[in-house]
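Peer 1: my questions concern the predicted model and sequence given below.
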Amino acid sequence: MAFQLLLNFFLAFLWMFLQDSLTLPSFVIGFFIGLILIMVMMRFFATRFYLWRVVAVVKLTIIFLWELVKANIQVIGIVLKPKLDMKPGIFRYDTELTHDWDIALLSMMITLTPGTVIIDVSDDNRTLYVHTIHVPDAKAAVDSIRNTFEKAIMEVEL
């Protein structure tokens with residue numbers, strides 16, 4: 001990915017110098033021409049096109065922000081009720097992620113979401129123990145994490 005990005009910047013600067021125009025519009029045009037050239041030459045690279053990973057990171061950020069807003073609204077609803085009818089609990093989450101940074105990112109995203117916190121990680125880094133302020137159905141909570149955060153992290157990793 002880093003090689004493709006550097007190659008794209010090199011092609012953009014090369015375009016600027018060949019056009020003898022050191023302006024931002026010339027750089028942007030050169031950048032898009034570089035994107036097209038890299039896409040044409042993708043069979044010569046061992047990794048996937050770097051722009052797809054950038055799109056996956058943006059998607060992961062949007063998913064996290066959306067889940068953050070939803071969790072804030074849920075916690076506010078729990079706090080503002082006159083009668084506390086919450087059901088706190090701890091559930092086990094078995095992850096399919098393999099890299100340490102993926103598991104750390106998943107743990108941070110879960111912990112930063114209001115109402116949830118990672119209280120322990122197993123020795124083999126395959127199981128996370130999650131405490132939530134309100135979990136009526138642990139299976140639904142596991143499915144929610146798997147279909148939002150973990151799925152988006154896997155897309156970035158590919």
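Peer 2: Here it is on my side, so go on. Because the structure is a prediction, the values reported are computed rather than measured.

Peer 1: now do the domain split for this protein, please.
Peer 2: 1-44, 53-157 (the TED database).

Peer 1: center of the protein - which residue?
Peer 2: The centroid of the chain falls nearest to Leu60 when counting by Cα atoms, centre = their mean (3.1 Å).

Peer 1: low pLDDT regions in the protein?
Peer 2: Residue ranges of the chain with pLDDT under 70: 1.

Peer 1: so where do the strands sit in it?
Peer 2: 89-94, 116-121, 127-132 (DSSP state E).

Peer 1: show me what contacts the closest residue to Val57 other than its chain neighbours?
Peer 2: Distances taken as Cβ to Cβ, 6 or more residues apart in numbering place Val156 nearest to Val57, at 5.6 Å, with adjacent residues excluded. Placement of C-beta: from N, CA and C, glycine included. Contacts of Val156 were listed using Cβ atoms under 8 Å, 6 or more residues apart in numbering, and they are 53, 56-57, 60.

Peer 1: most neighbours, which of the residues you listed?
Peer 2: Of all these, Leu60 has the most neighbours under the rule other Cβ atoms under 10 Å, reaching 20 neighbours.

Peer 1: how far away is that residue from Thr98?
Peer 2: Per Cβ to Cβ, to the nearest Å, Leu60 is found 17 Å from Thr98.
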